[in-house]
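# got a structure for you, letters missing:
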């Protein structure tokens, strides 16, 4: 068996897509007499600064001879990679082994690539130790992701699928023609086996990208047959090809469980699942971003958790939080702020301190002066201080998430299940 890993051939401004390159390589291999066992689409750490868009690396599993497979991969990569973009730094790794038998060190490298940061020198040393063939262009930083793609089959236990339809290549850069009525209808019928196809509240076709690349749409879900059925129902411009990928998208593979006494110990550029307590009231800042202070359940420093404007209605969930609420939060830490992707309400504080009410006339008391409590001006009754009163809450126990229009590729939608509390899915 042979495993081909490729990464970093696209550009934010100029387009292209490494999934498109992988689809073409697979077709060339099949034409050369090789069988294609799998196409893997592997999402890596979304905090990596060098990433283009979704930080995806690709792997192809085939029985074609490794030397011939490497030759085909080079022939396809060199004319397609957008190396005129200084951010694009393609890499190719070819392993002459079964994907289930890659070395432990390669599998561990792949698992860490979605949660940590790797240096190119470390990847090159591991490639050399494993005896893999590799090539790089414009610096070849893509060899990091390509090596991770080679080890991904062993690294990840949970997988989903994405079916990608590609435009006729000469159409790249022109407006996409996808009939949204047929897309929304297909999405409704396929849900929940297929998810994050559309955002019904924002009326957005989430699966149709806006970047100037060759993807027409990408359908994500758990059942490949459901995805194929959806594609058959979508009215759109002609497609050049389609390709089905097995992927770690929608699995929360980037999250690490953290048990910390102080949230200040959380590290930038990593994504966590961590228990905490709301330490103050949410505030909406300029631009519509919502911040809420949180601390570890046992105390320690307070940090901000944030729901930024692109998360849309999710911000209302964060605004509904109250000091003393007990949560599990999930998200990436950046500059000391945890960017919320989802959170679970574990316990709700259903009281707050309020000015006391007169027991005789039921009117709100007034301050009797500094440190003198409260007094009813009409009845003369007094109270020593504020009192706890019950409040209505707009939240229930369970998990809340950002909407499909704001979801990261690797983040797990609540509709997929497997969570440890009731869920409130967004669609």
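Perfect, thanks for sending it. None of these values were measured; they are calculated from a predicted model.
# what are the ranges of the strands in the stretch 101-250 of the chain?
133-136, 160-167, 194-195, 215-221, 239-247 (DSSP state E, counting those that start in this stretch).
# Can you lay out those strands as TSV showing distance to residue 379 and mean pLDDT?
Every residue, glycine included, has its C-beta placed from N, CA and C. Conversion of these to TSV gives the following (distance: least, C-beta to C-beta, whole Å; pLDDT from 0 to 100):
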stretch	distance to residue 379	mean pLDDT
strand 133-136	83	97
strand 160-167	66	98
strand 194-195	60	98
strand 215-221	64	97
strand 239-247	69	97
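# nearest to residue 122, of those?
Among the strands of the stretch 101-250 of the chain, strand 133-136 comes nearest to residue 122, with 13.2 Å by C-beta to C-beta.
# ok, residues contacting the closest one?
The contact list for strand 133-136 (C-beta atoms under 8 Å, 6 or more residues apart in numbering) reads 66-67, 70, 74, 89-96, 124, 127, 140, 142-143, 146-147.
# go on, stretch 93-106?
Outside stretch 93-106, the residues that touch it by C-beta under 8 Å, 6+ apart are 1-6, 38, 59, 61, 66, 69-70, 73, 126-127, 129-134, 143, 146-147, 149-151, 153-154.
# Any quick PyMOL command for the buried ones out of those?
Buried residues within the contacts of stretch 93-106, by 16 or more other C-beta atoms under 10 Å, are selected in PyMOL with:
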select buried, resi 1+2+3+4+5+6+38+59+61+66+69+70+73+126+127+130+132+133+134+143+146+147+149+150+151+153+154
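# Restricted to helices, list the contacts of stretch 93-106.
66, 69-70, 73, 126-127, 129-130, 143, 146-147, 149-151, 153-154 (DSSP state H).
# shaky segments in the chain?
13, 51-53 (pLDDT under 70).
# rewinding a little: which of the ones in helices among the contacts of stretch 93-106 sits closest to residue 314?
Using C-beta to C-beta, those come closest to residue 314 at residue 149, 31.2 Å.
# The closest one and residue 361, how far apart?
73 Å (C-beta to C-beta, to the nearest Å).
# what do you get for residue 381?
Residue 381 sits 9 Å away from residue 361, going by C-beta to C-beta.
# next one: residue 343
Residue 343 is 42 Å from residue 361, by C-beta to C-beta.
# Could you check which of those two is surrounded by more residues?
Counted by other C-beta atoms under 10 Å, residue 343 and residue 361 do not tie: residue 343 has more neighbours, with 30 against 12.
# Flag every buried residue along the helix or strand the more buried one falls within.
Using DSSP states H and E, residue 343 falls within strand 337-347. If you call a residue buried by 16+ other C-beta under 10 Å, then strand 337-347 has these buried ones: 337, 338, 339, 340, 341, 342, 343, 344, 345, 346.
# try stretch 262-273
Residues of stretch 262-273 classed as buried by neighbour count (16+ other C-beta under 10 Å): 263, 266, 269, 270, 271, 272, 273.
# So for it, first residue to last residue, what's the gap.
Terminal residues of stretch 262-273 are spaced 14 Å apart (C-alpha to C-alpha, to the nearest Å).
# Show me the contact partners of that stretch.
45-48, 115-117, 252, 254-258, 260, 274, 276, 294-296, 299-303, 328-336, 338, 341.
# Show me which of those are buried.
If we count by 16+ other C-beta under 10 Å, these have these buried: 45-48, 115-116, 252, 254-256, 258, 260, 274, 276, 294-296, 300, 302-303, 328-333, 338, 341.
# tell me the domain ranges of the protein?
2-155, 160-247, 255-350+392-424, 351-390 (automatic domain parsing).
# so of the ones you listed, which one's packed in deepest?
domain 2-155 (a mean of 21; mean count of other C-beta atoms under 10 Å).
# Indicate which one of the strands of the stretch 101-250 of the chain is closest to residue 179.
Among those, strand 215-221 sits nearest to residue 179 (C-beta to C-beta), with 11.1 Å.
# Residue 233 and residue 217, how far apart?
In terms of C-beta to C-beta, residue 233 sits 12 Å off from residue 217.
# just residue 248 next, same as before
Taking C-beta to C-beta, one finds residue 248 at 20 Å from residue 217.
# Same check on residue 392?
From residue 392 to residue 217 the distance is 42 Å (C-beta to C-beta).
# Ok, residue 189 next?
16 Å.
# got it, and residue 400?
When distance is defined by C-beta to C-beta, residue 400 is 27 Å away from residue 217.
# Check residue 413 too.
18 Å.
# and residue 152, what does it touch?
Contacts of residue 152 (C-beta under 8 Å, 6+ apart): 40, 42, 57, 59, 110, 248.
# Find the nearest non-adjacent residue to it, please.
residue 42 (4.4 Å; C-beta to C-beta, 6 or more residues apart in numbering).
# helix or strand for that neighbour, which one?
Short version, using DSSP H and E: residue 42 is in strand 36-43.
# Quick check: neighbours of that strand in the sheet, parallel or antiparallel?
Strand 36-43 has the following sheet partners, assigned by DSSP bridges: strand 56-62 (antiparallel), strand 239-247 (parallel).
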